[in-house]
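> got a structure for you, letters missing:
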């Protein structure tokens, strides 16, 4: 199994640029991040420091989010947000630079919440334009844009795999794919087994957390290992993103327990 540590939700007791080395010390060779800066276009020195931290740690950056606004404050992307669309577009070149320098080829574009006072249809039209721009830009480095259904945010309109796949079909670019986060899909009531059976070979990425609670695998009721096996059998060949919350001193203790039980 190839796991990649989402170092924006795990190892958060450490500064951002210390987390790649911590993931390596924990036995992992790959990391992924949400946008690791507070702005869409950070200072070049900050970009260089982040790139250096990943490179020096000897880990592969397997995934990176586009700038999504104030995530702790409730923002979930700028793709469909008219007033901040310019920030998203300015962010694209920075994402491509980091991807090119670190060999990252998967880039998650959070769709954005519905905005009071803005027409939903106009938001969706804008999203199609911005996703197409992002897809064309990352295509230059053989990259893929990921589109993700998200739970816990009523204003975020993409709740199911079908919601995301419908947008992907409308954009019509071959390098936009579904990010199948099994936790989000499950708690939103999607039929995860059917999604895997019908679309596993076309997943752009998989992320996992258990439910309820968004904890480590084994802390809840989801058959995550079976779903991963089914996705592998269905043709998914990429890494599995660990995107869960835990207060455990060793956030990866479940892997030791799983290995002992196998």
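Cool, the structure landed. Keep in mind that what you see is a predicted model, and the values were worked out from it rather than measured.

> For residue 138, which non-adjacent residue is spatially closest?
Nearest residue to residue 138, sequence neighbours excluded (C-beta to C-beta, 6 or more residues apart in numbering): residue 107, at 5.6 Å. C-betas here are computed from N, CA, C, even on glycine.

> swap in residue 20?
Residue 20's closest residue in space is residue 57 (C-beta to C-beta, 6+ apart), at 3.6 Å.

> one step back: pretty sure the residue nearest to residue 138 sits in a strand.
Yes: Residue 107 forms part of a strand when assessed by DSSP: H, G, I helix; E, B strand; the rest coil.

> Next one, pLDDT for residue 256 please.
As predicted, residue 256 sits at a pLDDT of 83.

> Name the SS class of it, please.
Following three-state DSSP, the label given to residue 256 is helix.

> Can you tell me what sits against the lengthiest helix in the chain?
The longest helix of the chain (DSSP state H) is helix 120-139. Helix 120-139 has contacts (C-beta atoms under 8 Å, 6 or more residues apart in numbering) with 66, 78-82, 85, 88-89, 92-93, 95-96, 99, 105, 107, 109, 111-112, 114-115, 144-145, 147, 157, 167, 170-173, 175-176.

> Leaving out the residues flanking it, which one is nearest to residue 238?
residue 205 (5.9 Å).

> quick one: contacts of the strand or helix carrying the one you found?
Using DSSP states H and E, residue 205 sits within strand 203-208. Contact with strand 203-208 is made by 6, 63, 106, 108, 144-146, 176-183, 217, 224, 228, 231, 236, 238-244, as judged by C-beta under 8 Å, 6+ apart.

> Show me the residue at the heart of the chain, geometrically.
In the chain, the C-alpha nearest the mean C-alpha coordinate belongs to residue 108, at 5.0 Å (C-alpha atoms, centre = their mean).

> what are the bridge partners for that residue, then?
Following DSSP bridges, residue 108 is listed with bridge partners residue 65, residue 146.

> ok, it touching residue 148?
Yes: taking contacts as C-beta atoms under 8 Å, residue 108 lies within contact range of residue 148: 5.9 Å.
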